[in-house]
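Chemist: Here is a sequence with its predicted model. Questions after.
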Amino acid sequence: MTDHDRRHPLRHSREDVETAHGVPDTPQTRSPAYRLAFADEDFLCREELRPVRLQLELLKPTLLMDEAEVESTVVLFGGARIPRPENRDSARTDTLRDLADQYEEARRFAQMITERSMAETGGRENVIVTGGGPGVMEAGNRGAQDAGGRSIGLNIVLPHEQAPNPYVTPELSFNFHYFAVRKMHFLVRASAVCVFPGGFGTLDELFEALTLIQTGRMERVPVLLFGVDFWKGIINWDALQEAGTIGVDDLDLFRFVDTAEEAMGHLDNWHLPRTRRDKIPGRVEG
């Protein structure tokens, strides 16, 4: 927002921040108590200010994506450890070496999605969003850049901090402290959720999305699991259904794919209505 957009005649908060820097140096002005509350990092990081920080992390990306006219997204989850195809020989395991093919599939898929988005909506709909890091995340942002389009990166501060991958659109590169708020931003504009092989973080994000859809908290958007052998090998989906802890209908909430072309076909002909469930099949009511 510029000064021209302001709807009141009062001084701008930034003016007072600049003015406060130029006040005389006295014991009073050096005191932390004298700092403007909204410009005081020590104050904002207090334990009691957690609700404010949560609100700010929800609000900042929302406002910036609204201003950038991002209307919907296609989410790409996947492992940070999956190497680029040209680096597959340095992978730690044979499985990771084989999964390098998924990097290229993620890149191709993101390119296809972005090319269609630009042709049909000027790049406003189905913008690729990733976690902003390396591996599959990099492949997704890279594919969007290959198509000449934008993409979003939702990074998180970790002890082994890393820079966002270089393919994220800079003005759509965000950083989070709270995992929960970051998860909300992944899904709040999602028109599809596409999950590539990964570890704990990828599994967490996959099951978060499936739980929201299963319980009717989120529309039945397409959920695609890339890498049939990987997903059927690490999770015994049928055992969950046979145990009765999920229903047959729950296994219908997602589809397995191996290629970008298969994925595009499912997106174009998704078999479920894009509505929220009004009940959970098979659940015993209390």
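Modeler: Received, thanks. These figures come from a predicted structure and were not determined experimentally.
Chemist: Can I take it that Val74 is in a helix?
Modeler: No. Assigned with DSSP: H, G, I helix; E, B strand; the rest coil, Val74 falls outside any helix and is strand.
Chemist: please begin residue numbering at 8 from this point
Modeler: Understood, numbering begins at 8; the last thing we discussed is Val81.
Chemist: Name the residues linked to it by a beta bridge.
Modeler: Ile135, Ala199 (DSSP bridges).
Chemist: Please read off the pLDDT at it from the model.
Modeler: On pLDDT, Val81 comes in at 98.
Chemist: OK, contacts around the nearest residue to Ala117 once chain neighbours are set aside?
Modeler: Among residues not flanking Ala117 along the chain, Gly150 sits closest, at 2.9 Å (CB to CB, 6 or more residues apart in numbering). Every residue, glycine included, has its C-beta placed from N, CA and C. With contacts defined as CB atoms under 8 Å, 6 or more residues apart in numbering, Gly150 is in contact with Ala113, Arg114, Arg115, Phe116, Ala117, Gln118, Met119, Ile120, Thr121, Ile135.
Chemist: Now with 6 Å, please.
Modeler: Arg114, Ala117, Gln118 (CB atoms under 6 Å, 6 or more residues apart in numbering).
Chemist: do the same with Leu232
Modeler: With CB under 6 Å, 6+ apart, Leu232 has these contacts: Val202, Trp238, Phe261, Phe263.
Chemist: That one is in what secondary structure piece?
Modeler: strand 230-233 (DSSP states H and E).
Chemist: Which residues does the helix or strand following that strand contact?
Modeler: Toward the C-terminus, strand 230-233 is succeeded by helix 235-241 as the next helix or strand (DSSP H and E). Residues from elsewhere that reach helix 235-241 (CB under 6 Å, 6+ apart): Pro204, Leu232, Phe263, Asp265.
Chemist: before we move on, back to that, taking the contacts of Gly150 one by one, which sit in helices?
Modeler: Arg114, Ala117, Gln118 (DSSP state H).
Chemist: Do you know the pLDDT at the residue nearest to Ala117?
Modeler: Gly150 is given a pLDDT of 98.
Chemist: Also His19?
Modeler: 89.
Chemist: Looks to me like Phe181 is in a strand.
Modeler: Yes. Membership of Phe181 in a strand is supported by three-state DSSP.
Chemist: Let me know whether it touches Leu70 as I believe.
Modeler: No. Counting by CB atoms under 6 Å, Phe181 does not reach Leu70; the two are 11.2 Å apart.
Chemist: what about those two, which has more around it?
Modeler: Phe181 (21 against 11; other CB atoms under 10 Å).
Chemist: got the contact list for that one?
Modeler: Phe181 touches Pro68, Leu161, counting by CB under 6 Å, 6+ apart.
Chemist: Most neighbours out of the contacts of Gly150, which is it?
Modeler: Result: Ala117 is most packed of the contacts of Gly150 (other CB under 10 Å), 29 neighbours.
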